[in-house]
Structure formats: structure tokens, C-alpha cells
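*Asks:* Quick one: sequence plus predicted model below, questions after.
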Amino acid sequence: MAELQKDFLFVLIKSLSTSEKRQFKLYVNRLGINVDAKFLLLFNELDKMNEYQEEIIIQKKISTKQQLSNLKAHLYKQILVSLRMNPIHQNNRIQLREQLDFANILYQKGLHKQALKILDKAKQSALELDEKTIASEIIELEKVIESQFITRSIDGRADELIQQSSEVSLQNQYATQLSNLSLKLYSEMLTHGYVKNDEDRKKVMHIFDSQIKKIKLEKLNFTEKLWYYKAHVWKNQLLQDYKYTLKYAYHWVDLFHQKPEMMFNHPVWYIKGYNYLLKILFLYGQVDRLEESFNNFKKTVNSENFVQNDNLQSLIFLTHYNSLMNIHFIKGEFFAGTKLIPEVELKMEKFKDKIDEHHYLILYLKMAALLFGSKKYPECISYAMKIINSKGNVQEDLLFHTRILVLMAKFESGIDEDYDEFVKATQKFVQKMKYSDEIHQVIIEFFKKLDGLLPSEQQTIFKNFENQLNTFSENDYYKRTLLYIDIHGWAKSKVKNVDVVEIIKGKVKKG
């Protein structure tokens, strides 16, 4: 993947659509700014560049080196103002804040009744949309105005605002507790990964129970329920309890289906919920339910009513192609899956500024695995090496399983000139892993033993290895390692002397 440009202004300009660039220039002209204004000249110059080159800006005397930083900051702000005015970027939250801004302006002009009228309407909308943070700000401004603008109904009005303020404050308290819990669990997943022993499990359960026991589900509104289900999904993922991960992922998605208008307000969380649901259905091997849910997802996010913006399109892209490749995996359709690769890479280039490197490397691993299943071993190794040679901070689990896939491909292809060297490098990598387990050592020892054996001798090694993996598969803490790359299925195929596709198809669950 190409290294992302680091200049924020340049990346922002390159993200603009043709219509957004046109609107920006109309916005600038509407301000009555001379067409030769320096920030507009800077915009046009950056728009023409393929790569950010500050020296060209200086050479063309658009700005001096000393003034450039301020000029760029001004241009950045003007682009954001222009984008804010674009209807395509409007959403309920922005519109509510706009109404709050209008009310503040009216209040400062002493037009109290007009301000209160706007606030009351905005408050009702905020409460209906479960935007309690904004609702709280609106109520606070109402209280400020009411305390200075005396009306005959002040007694009843005061009681009403006090009750509303207390109710919204309580809901915000629930939301804060649950969002903190969800964020903490998500952080645990990113920093420490899935639980690997009883001690890890106790730690996760302590974090979860200390917060969740204070919460009563029946008292929660939409947003709090959303955080409640997220917390359960991430907790059960950490514990590798896929039955309950699936249960709460369904609850998460169904929450939006029960209140479809919330898809407009929280489209990111709708997509994320579906992403977890589709991933868990894949791990379960539930092909019919996976395909049904995938089709429902596509129908919803591609409908005219679904919010469209660059961020959402990048998330939809990830969910769509990860799920589509997973469907090919689960059905053993490796050759058909490899036909997706050029299409996926084209879209990866399109979204390169909007998606973090980890998610791109996961896509490369899936491509490499599809190529392995299609017996295109040199291509498999080539894609896997994109991950191993990545200069970013790659998760060690991802690197380990990528290395294992390379060893599998080298063994199958006979491209084994550097096989022994690669095994040694992988063994060193495992020794340096922060979170290595017995299973990692067993897998490396297996590949060391394979080197240089006759086919008749290999059969015994594969049989012993399969027995070891059978034992590991009974341990809940090793589930994820065996699911990452299906080395277990590969070993079984060697023992039974059948194509790995036959093993995979035998795992598929219908209904």
C-alpha cells in the first residue's frame, strides 16, 4: 500500500469531489474575494499536484515560507466552512447544533421569545432522535434565558425544565458509563488481544461486571442500549464466546431495524454492528444465515434512503469485501474468490486515505489465503510478504499467521530454497512475541520437522500434528489461533489425502 500523504490540507483537497470543489469556488466568489486571493491560488495549485511539494508553492511565489503555515490554516478552515454548507454533509446532529447556534445569536440580541421558540422545537427533535447531549445543552440555555426573561408561567416552566434536565442527565450518565465500558473493552482487544488464560478472563470479567451490574436494560433508551449491546459484543469477543457474541450482534443490528430512523443518525454504528454479525456468522460456519444477512446488509446500505459520505463508503467497502471473501472461504470457492482481487485492490487505492493500515493488511491476508486455496502458491507468498514487509506497527497475531501461511505455501509449491531460513526467522519472531503460547511453539516445531522428509515420513508427522491440534481445539483459549488460518483443516486434508476444499465443505453448516 502506498504511503499516505502526511499534509492534512493536501489530503483534504484530494478527498473533495468535483461538485465539492465547484461549491468551494462558488462559496469563495460569493464572499466577494478577488480571484487572485492567495488562499484560492494555493487551493488551485494543490489541486493540480499528485504529491505534496511545498517547494513549488514557494517557487511560484504563492506564499513565502514564513507565511505558508497561516495561509494553509486559513484555506483549511474555508474548505471546512464550505463543506459544512453542502447539503450532502448535513445530518440531524449538525442541524440541531445549527438551531442551537441560532438561538444563542437571538438570545445575545435580547430576542428571548424567538430564542425560546427555536430551542423548544430543537429540544423536541433532539429528544426524539435520542441526541441527549445536545438536548442537555438546549435545556441549559433554556434555563439561562428563563432565569432572565420573566413570564407568568415561570413556576410551571421551571418545574418542567428541572424534570427534563434531571431525566436527560440520568440518561447521559448511563450513556457515559456504558460508552466508557465499551471503549475500555475495545482498548483491551487492541492492546492485549483475546483472553489467553484464566487470569486474562478474570480481568475482563472484572472490568465488565464492575460497570454493567449498575445498569438496568429496561431503563435505557436507544443510545444507551446501543452502547450496552456493543459492550456485550466486545466482552464476548475477548472471551472468544462466539455464541453470545452472535446473540448481542443480532441485538445490536435489530435495534436499528426496530427504529430505522436511527440509521440516519448513527449510520457508522449500523455498519459496524453488521460487520460483527457477518464476521461471527462466518466463524460459526453458518453459510445460509451469513448469505442472508449479507444480502440484507447490501440492500440497506445501497438504498436511496441510506446516508452517503466518504467515511461510510469506506466502511461499507471493508464490510462488503471482507464478508464476500469470507463467503467464498466458507464455501471453498477459492478460484471464484481470487477473481475479486483486482476489484478489491482498485477500491483499496480509492480509500487509502480513509482506512487504517491494519484493515488493509487483513484484506491482503484474505487475498493470500484465497490464492493458497486456488493453488497459486507464488502469488500467495507475494501477497503475504506485503504484510511481513510492512513498515507499520502490525499486530503480532497477524504477522505470525501470515508467516505460517507462507510456510504452508512454500511446502505445497516446492519453492523451498529458503524454507529452512524462513522457519528459523519465524521461530525468532515467536520468541520475541509479547503474547506467545504453547500452540505457537507446536506449530513452529511441526514445520521444522517437515523439512527434508520423504512423503512417507511426512504422513506420520502430519498425523501427530493433527492430533495435537485436536487437543488444542478443545481449549477455549486457542480457538482464535486455529480460526485465523485454517491450518487444522490443511493438516486434516494431508492425513486423509484429500483436497483441503473437501475438508472445508464438510464444516459448512446449513440453516
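*Replies:* Thanks, I have the structure now.
*Asks:* got the contact list for residue 239?
*Replies:* Listed by Cβ atoms under 8 Å, 6 or more residues apart in numbering, the contact partners of residue 239 are 194-195, 201, 204-205. Bear in mind the C-beta positions are built from the backbone N, C-alpha and C, glycine included.
*Asks:* in stretch 250-269, what counts as buried?
*Replies:* 250-253, 255-256, 262-263, 265-267, 269 (16 or more other Cβ atoms under 10 Å).
*Asks:* Those in helices, which ones?
*Replies:* Counting by DSSP state H, the buried residues of stretch 250-269 place 250-253, 255-256, 262-263, 265, 267, 269 in helices.
*Asks:* Including distance to residue 211 and pLDDT, could these go into JSON lines?
*Replies:* JSON lines is the format used below for these (distance: Cβ to Cβ, whole Å; pLDDT from 0 to 100):
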{"residue": "250", "distance to residue 211": "22", "pLDDT": "96"}
{"residue": "251", "distance to residue 211": "18", "pLDDT": "96"}
{"residue": "252", "distance to residue 211": "18", "pLDDT": "96"}
{"residue": "253", "distance to residue 211": "23", "pLDDT": "96"}
{"residue": "255", "distance to residue 211": "20", "pLDDT": "94"}
{"residue": "256", "distance to residue 211": "24", "pLDDT": "95"}
{"residue": "262", "distance to residue 211": "24", "pLDDT": "88"}
{"residue": "263", "distance to residue 211": "27", "pLDDT": "88"}
{"residue": "265", "distance to residue 211": "25", "pLDDT": "82"}
{"residue": "267", "distance to residue 211": "27", "pLDDT": "90"}
{"residue": "269", "distance to residue 211": "19", "pLDDT": "92"}
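*Asks:* tell me which of these is nearest to residue 394?
*Replies:* The nearest member of these to residue 394, counting by Cβ to Cβ, is residue 269 at 26.9 Å.
*Asks:* Do I have it right that the closest one meets residue 226?
*Replies:* Yes - using Cβ atoms under 8 Å, residue 269 makes contact with residue 226 at a distance of 6.1 Å.
*Asks:* what distance separates stretch 201-219 from the centre of its chain?
*Replies:* 24 Å (Cα atoms, centre = their mean, to the nearest Å).
*Asks:* still on that earlier bit, between the contacts of residue 239, which sits nearest residue 500?
*Replies:* residue 194 (25.0 Å).
*Asks:* Please give me every residue in contact with the closest one.
*Replies:* 237-240, 477, 480.
*Asks:* and residue 59, how many neighbours does it have?
*Replies:* 9 (other Cβ atoms under 10 Å).
*Asks:* now do residue 289
*Replies:* 18.
*Asks:* Could you give the secondary structure assignment for it?
*Replies:* When classified by DSSP: H, G, I helix; E, B strand; the rest coil, residue 289 comes out as helix.
*Asks:* What's the separation between it and residue 330?
*Replies:* To residue 330, residue 289 is 11 Å away according to Cβ to Cβ, to the nearest Å.
*Asks:* circling back: the ones in helices among the buried residues of stretch 250-269: which two are farthest apart?
*Replies:* For these, the maximum inter-member distance is 20.7 Å, found between 250 and 265 (Cβ to Cβ).
*Asks:* Below-threshold pLDDT in this structure: ranges please.
*Replies:* Of all residues in the chain, those with pLDDT under 70 make up the ranges 1-6, 31-36, 87-90, 149-155, 479-484, 507-511.
*Asks:* Domain parsing of it, as residue ranges.
*Replies:* Following automatic domain parsing, the chain resolves into domains at 8-89, 92-151.
*Asks:* roughly how far out does the longest one sit from the chain middle?
*Replies:* A distance of 30 Å separates the centroid of the chain from that of domain 8-89, by Cα atoms, centre = their mean.
*Asks:* Kindly report the same for the shortest one.
*Replies:* When C-alpha coordinates are averaged (Cα atoms, centre = their mean), domain 92-151 and its chain have centres 34 Å apart.
*Asks:* measure residue 41 to residue 408 for me?
*Replies:* According to Cβ to Cβ, residue 41 and residue 408 sit 56 Å apart.
*Asks:* higher neighbour count, these two?
*Replies:* Set residue 41 next to residue 408 and count neighbours by other Cβ under 10 Å: residue 408 wins out with 23 against 18.
*Asks:* show me what contacts residue 313?
*Replies:* Residues in contact with residue 313, defined by Cβ under 8 Å, 6+ apart, are residue 351.
*Asks:* mind listing what's buried in the helix or strand that it is a member of?
*Replies:* When secondary structure is defined using DSSP states H and E, the element that contains residue 313 is helix 310-331. Judged by neighbour count (16+ other Cβ under 10 Å), helix 310-331 contains these buried residues: 310, 312, 314-331.
*Asks:* Same question for stretch 140-148.
*Replies:* Of all the residues in stretch 140-148, those buried under the rule 16+ other Cβ under 10 Å are 141-143, 145-146.
*Asks:* Next: stretch 375-391.
*Replies:* Neighbour-count burial for stretch 375-391 [16+ other Cβ under 10 Å]: 376-377, 379-384, 386-388, 390.
*Asks:* from these, which is closest to residue 77?
*Replies:* Among these, and counting by Cβ to Cβ, the member closest to residue 77 is residue 390, at 34.7 Å.
*Asks:* Find the nearest non-adjacent residue to that closest one, please.
*Replies:* Leaving aside its sequence neighbours, residue 390 sits nearest to residue 361 (Cβ to Cβ, 6 or more residues apart in numbering; 6.2 Å).
*Asks:* isn't that neighbour right up against residue 393?
*Replies:* No - under the criterion of Cβ under 8 Å, residue 361 is not in contact with residue 393, lying 10.7 Å apart.
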